[in-house]
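In: Next one to model:
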Amino acid sequence: LEARDSRPYGHSSVRSAFEITSGVYYYEVTLITSGKARIGWCTQEAELYKHRGLGSDQHSIGLDCSCENDECCPVVWHQTPCYTRPALVKDTCQWKAGDVVGCLISFTDRKFTFYLNGKLISLDDINVEISFSTQHYYPAISLSSHQQLYCNFGQESYKFLPDGINHINQENIKDQKCLL
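Out: This is a model prediction of the structure:
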């Protein structure tokens, strides 16, 4: 799936129609542009409309490693309304076009994990409590204007698949649908 936001302002969001209900799953996003984007997970209850973006409520979480945020460092959006600051991540990574963002969800550990080019981005020291819902989760992204990326849900080989991790079931890849 390739996604692009061609609008002049705000966020456009998209989520997969394939729900993750248990176990551990992983997908990758290759950045075609390097600007603001939020990459992560959401439940069906997430408010991805009205230009709010992934991570604006407790039903979604998104990583943004662009240098276009105020601090020029990685941030995690979770329970973060648009008028407040997102949680700063201690790692000093900044993404650029061509980078690969890995998104892992573990229902076993009730945890979200992010990677940039195979390197773990630690969420251990962020200043917000990460809530993990009992609802089903979906891969999701929010793009700022003129941003573009490519999502790999397993239809191709992963570039940085963590050891011991399964991806979204291969038989469901051909039926992968996205909701705009």
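
In: hey, where'd the helices end up in the protein?
Out: Counting by DSSP state H, the chain forms helices over residues 170-173, given from the N-terminal end onward.

In: Would you map the strands across it?
Out: Using DSSP state E, the strands assigned to the chain run over residues 2-4, 11-16, 24-31, 37-42, 60-64, 75-77, 87-88, 100-106, 111-116, 119-121, 138-144, 148-152, 166-167, 178-179.

In: and of these, who's closest to L48?
Out: L48 lies closest to strand 11-16 among the strands of the chain, at 3.8 Å (CB to CB). (Each C-beta comes from the backbone N, C-alpha and C, glycine too.)

In: Strand partners (parallel or antiparallel) of the closest one?
Out: Partners of strand 11-16 in the sheet, by DSSP bridges, are strand 138-144 (antiparallel), strand 178-179 (antiparallel).

In: possible to save those as TSV with mean pLDDT?
Out: Putting those into TSV (pLDDT from 0 to 100) gives the following:
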stretch	mean pLDDT
strand 138-144	89
strand 178-179	38
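
In: so where is this protein shaky, pLDDT-wise?
Out: 4, 6-10, 50-51, 67-92, 125-129, 166-180 (pLDDT under 70).
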